[in-house]
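In: For reference, the sequence and a predicted model appear below.
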Amino acid sequence: MCPAIPEAALQTTVKSPVIFTGTGLHSGKPARMTIRPAAAEHGIWFLRTDVLDSDPLVPARWDAVHRSPLCTTLVNGSGTRVATVEHVMAALAGCGIHNALIEIDGPEVPIVDGSAAPFVRAIMQRGLIQQNAPVRALRVLKTVSVSDGQASATLSPADTLCIDFEIDFDDAAIGHQHKTLVMNNGSFARELCDSRTFCRQADVDAMQANGLALGGSAGENAVVFDGDKVLSPGGLRHVDEPVRHKMLDALGDLALAGAPLIGHYRGVRAGHSLTNTLLRKLFATPDAVQMITCDDQTRVKLPGYGLLWDEIPAVA
């Protein structure tokens, strides 16, 4: 056991390697991914084990994001990429993990069942270890907002991380959905982590015609809607599964801030690209955010605190 640091929350990493295999949602390529323990202050990094002729290390950081509407892709200075990182990043944030080296032998994170639940269950089954370094968090001090047409995203000061999301689709099976959730006391694992990525059948047809969503499969790793119908076998895991998944995505994209955020995020029809634009504006705005060292009172307000094994959905 590492020595205690008085009046401070401690950073964590996974206790032992956690291995996942599967297929990339957009590339359709097989992938093997291993989340390995990392030292205190390491942060989250991806390592492309198949890249031998250039820098294989890719930082999980907001300024390494190559913005796109369909997924979150990270790119280092040598052009090495890792795509669709949002679900595993949400799992790490939701489990309260600060340091990890994620080895992957291909260009895209395996989609598993389209949610973050398989990641959360496997990580927590392995367990976490505390490290001899305090947790630092980013406290939002000023409201910043960005928009693109009908979509908008805002971060404003708050005592804890709160995610507030609203979506509105013409498809009757989705329609208008709105949910707000404070992201501590295990709420990510209990309320959001099993919600799957979703799309409309017309979008699937268009993406596949353009060489995307090649690894997507209704019922296995995505929820597909067509008007008033849910085409995926077994239906929905939650009546409002789409907005819950958008909140899951938002947590994963916000985790690229480099430290846990303390603030109120509100997204209206927002996607990966807009949330990254919001982070870029946050860090470009003078005195809009402050790095703090967390004491025990702050620790209980962070994602990952209060997570209980019995509350993790058994869907993997």
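Out: In hand now; what should we look at? Quantities reported herein were computed from a predicted structural model and do not represent experimental measurements.

In: mind listing the helices for the chain?
Out: For the chain, the helices defined by DSSP state H occupy 86-94, 117-126, 187, 201-209, 241-254, 272-284, 296-299.

In: what's the least confident stretch among these?
Out: Taking the average pLDDT of each of the helices of the chain, the minimum falls on helix 201-209, with a mean of 75.

In: re the thing from before, mind checking which of the helices of the chain is nearest F165?
Out: When those are compared by C-beta to C-beta, helix 241-254 sits nearest F165, at 4.9 Å. C-beta coordinates here come from the backbone N, C-alpha and C atoms, glycine included.

In: got the contact list for I174?
Out: If a contact means C-beta atoms under 8 Å, 6 or more residues apart in numbering, then I174 has I167, F198, F225, P242 as its contacts.

In: picking up where we left off before, okay if I get the helices of the chain as CSV plus mean neighbour count and distance to S145?
Out: Output for the helices of the chain, formatted as CSV (neighbours: other C-beta atoms under 10 Å; distance: least, C-beta to C-beta, whole Å):
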stretch, mean neighbour count, distance to S145
helix 86-94, 28, 21
helix 117-126, 21, 30
helix 187, 21, 24
helix 201-209, 14, 27
helix 241-254, 26, 15
helix 272-284, 20, 8
helix 296-299, 15, 25
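
In: Could I get those in TSV, plus columns for distance to A151?
Out: Conversion of the helices of the chain to TSV gives the following (distance: least, C-beta to C-beta, whole Å):
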stretch	distance to A151
helix 86-94	17
helix 117-126	27
helix 187	25
helix 201-209	16
helix 241-254	11
helix 272-284	6
helix 296-299	31
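
In: if I look at the residue nearest to D63 when sequence neighbours are not counted, how far off is L236?
Out: Spatial nearest neighbour of D63, excluding adjacent residues (C-beta to C-beta, 6 or more residues apart in numbering): R280 at 7.4 Å. Shown here: R280 relative to L236, a distance of 34 Å by C-beta to C-beta, to the nearest Å.
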